[in-house]
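Peer 1: All I have is the shape, not the residue letters:
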DNA sequence: TGCCAAACTGACCGATCGGACAGTTTCTGA
DNA sequence: TCAGAAACTGTCCGATCGGTCAGTTTGGCA
């Protein structure tokens, strides 16, 4: 792994765990075993580091949500599975989007993520009627993101395979969303 | 409302929204229309302000979780309703506990909250068997906390009554947890 | 009215922050 | 081997941070 890649990985984990604003470049540097200046050699600024860290997830989310722009989610099951796969692969990023998105609107890359979250929420709001259905969607999105980032809290540290997690998550979300 | 009370309220909202570490005393002071020194007149330190902000929720959570220490939740329905009421009243605090708890273990008052979250999680882990059931619990807790703090995102800003929200949440969590 | 406590303030402190920049070291390819 | 680019570093900067402290203002009560 290159230094740049290691910094990206460490930054993502720290930004997700402690928050972007509360994570210092010095901390990221120490965790990577390099100087802070070295971090700034690879990334022009803290904001550029954030962009590099979460950029791929945003690009991917664009693709996953593309069906919504065409006016519908097409095959609901296929959409749900694609979204679950997205969650499984980008659980840290999604956790950041939903928990830190509202307070980091001044950061352009986060606002891109906020747009996507809004798009998803608006699609569901337009296609659901009752208070309960809207709440179910919020719980599904926030709950899945939180749960996937909290495996230790919930005794999910046994070596279950990704496939088992995926299958269970699809069942649960199907239950929740109908 | 006294200045002290206003500061508590503003601090809680800011700590929950932006994160404890990323919220400055100066910002809280500005939102309250007083000087930072005035904040420190009322609360000896940032940490004491945090304790004052989330202390009541922790005390209350102790009470709500008391049945678990007796080895069971007693009447499951009653426990669920008590917990939902707790969530509805302390949604900001709970959101802080679950999202910021893991990264603020050095703050004693947060660690008290972490203990309670662990207690709740361990109770469910001991009383559930499958991966799916454990995941359901994580999704229920994280999802409800997130959803209740994100009413604007999910088009829940209509003037639904607290009773309707409560009723729907109980139905959803009952579905989720069985 | 006057005293004292409560409430509030601005100036200051040392520490930390993101970032600039010149200097040093390492790597690569001819 | 050597030159130049890549990678890395330490020092420095201005800004912000939590907190200290002496001074000022306000409120309450005798």
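Peer 2: Done, it's in. Remember, predicted model here, so these are calculated numbers, not experimental data.

Peer 1: Show me which residues of chain A sit near DNA strand D.
Peer 2: A:2-3, A:34-38, A:40-42 (CB under 7 Å from any atom of the strand). From N, CA and C alone the C-beta is placed, and that goes for glycine too.

Peer 1: Out of those residues, which sit inside helices?
Peer 2: Assignment to helices by DSSP state H places the following of these there: A:3, A:36-38, A:40-42.

Peer 1: Which of these has the largest number of neighbours?
Peer 2: Counting neighbours by other CB atoms under 10 Å in any protein chain shown, residue A:42 leads those with 18 neighbours.

Peer 1: Tell me the spacing between the residue nearest to that one when sequence neighbours are not counted and residue A:91.
Peer 2: Sequence neighbours aside, residue A:4 is the residue nearest to residue A:42 in space, at 4.7 Å (criterion: CB to CB, 6 or more residues apart in numbering or on different chains). Residue A:4 is 22 Å from residue A:91, where distance means CB to CB, to the nearest Å.

Peer 1: next one: residue A:85
Peer 2: 11 Å.

Peer 1: The two: which has the busier surroundings?
Peer 2: Higher neighbour count among residue A:85 and residue A:91: residue A:91, with 20 against 16, using other CB under 10 Å.

Peer 1: I'd like to know which of the ones in helices among the residues of chain A next to DNA strand D is nearest to residue A:120.
Peer 2: residue A:42 (32.3 Å; CB to CB).

Peer 1: quick revisit: out of the ones in helices among the residues of chain A next to DNA strand D, flag the one nearest to chain B.
Peer 2: Distance to chain B across those (CB to the nearest CB) is lowest for residue A:36, with 18.2 Å.

Peer 1: any idea how far the closest one lies from residue A:71?
Peer 2: 48 Å.

Peer 1: Same check on residue A:85?
Peer 2: Where residue A:71 is concerned, residue A:85 sits at a distance of 22 Å (CB to CB).

Peer 1: Repeat that for residue A:149.
Peer 2: From residue A:149 across to residue A:71, the span is 32 Å (CB to CB).

Peer 1: Which one's more surrounded, these two?
Peer 2: Using other CB under 10 Å as the criterion, residue A:149 and residue A:71 rank with residue A:149 on top: 22 against 9.

Peer 1: near DNA strand C, which residues of chain A?
Peer 2: Within chain A, the residues that sit near DNA strand C (CB under 7 Å from any atom of the strand) are A:23-27, A:36-37, A:40, A:44-47.

Peer 1: Poorly predicted segments of chain A, please.
Peer 2: Scanning chain A for pLDDT under 70 picks out A:73, A:157-160.

Peer 1: At the geometric centre of it, which residue do we find?
Peer 2: In chain A, the C-alpha nearest the mean C-alpha coordinate belongs to residue A:94, at 1.2 Å (CA atoms, centre = their mean).

Peer 1: Show the contacting residues for it.
Peer 2: When contacts are counted by CB atoms under 8 Å, 6 or more residues apart in numbering or on different chains, residue A:94 touches A:57, A:86-87, A:145, A:148.

Peer 1: How about residue A:112?
Peer 2: Residue A:112 makes contact with residue A:58 under the criterion CB under 8 Å, 6+ apart.

Peer 1: mind giving me TSV with the residues of chain A next to DNA strand D and columns for distance to residue A:135?
Peer 2: Converted to TSV, the residues of chain A next to DNA strand D look like this (distance: CB to CB, whole Å):
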residue	distance to residue A:135
A:2	44
A:3	45
A:34	46
A:35	48
A:36	44
A:37	48
A:38	47
A:40	44
A:41	47
A:42	43
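
Peer 1: chain center to stretch A:61-78, what's the gap?
Peer 2: 17 Å (CA atoms, centre = their mean, to the nearest Å).

Peer 1: contacting residues around it?
Peer 2: A:79, A:82-83, A:86, A:90, A:113, A:116, A:119-120, A:123, A:174.

Peer 1: what do you get for stretch A:13-28?
Peer 2: A:7, A:10-11, A:31, A:36, A:39-40, A:46, A:49-50, A:53-54, A:92-93, A:95-96, A:100, A:104, A:107, A:110, A:149, B:18-22, B:100, B:102-103.

Peer 1: How far does it stretch from one end to the other?
Peer 2: Chord length of stretch A:13-28, first to last residue, is 10 Å (CA to CA, to the nearest Å).

Peer 1: At which residues are the helices of chain A located?
Peer 2: Taking DSSP H, the helices of chain A run over residues A:3-18, A:25-32, A:36-42, A:46-69, A:76-89, A:91-100, A:108-127, A:131-148, A:162-177.

Peer 1: Between these, which one is closest to residue B:137.
Peer 2: Closest among those, using CB to CB: helix A:131-148, at 8.4 Å.

Peer 1: Is chain B within reach of the closest one?
Peer 2: Yes: using CB under 8 Å from any CB of the partner chain, helix A:131-148 reaches chain B at A:131-132, A:134-147.

Peer 1: what's near enough to touch residue A:122?
Peer 2: Counting by CB under 8 Å, 6+ apart, residue A:122 makes contact with residue B:155.

Peer 1: gap between it and residue A:11?
Peer 2: Where residue A:11 is concerned, residue A:122 sits at a distance of 30 Å (CB to CB).

Peer 1: circling back: restricted to buried residues, select the contacts of stretch A:61-78 in PyMOL.
Peer 2: Command for PyMOL that selects the buried part of those, burial taken from 16 or more other CB atoms under 10 Å in any protein chain shown:
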select buried, chain A and resi 79+82+83+86+90+113+116+120+123
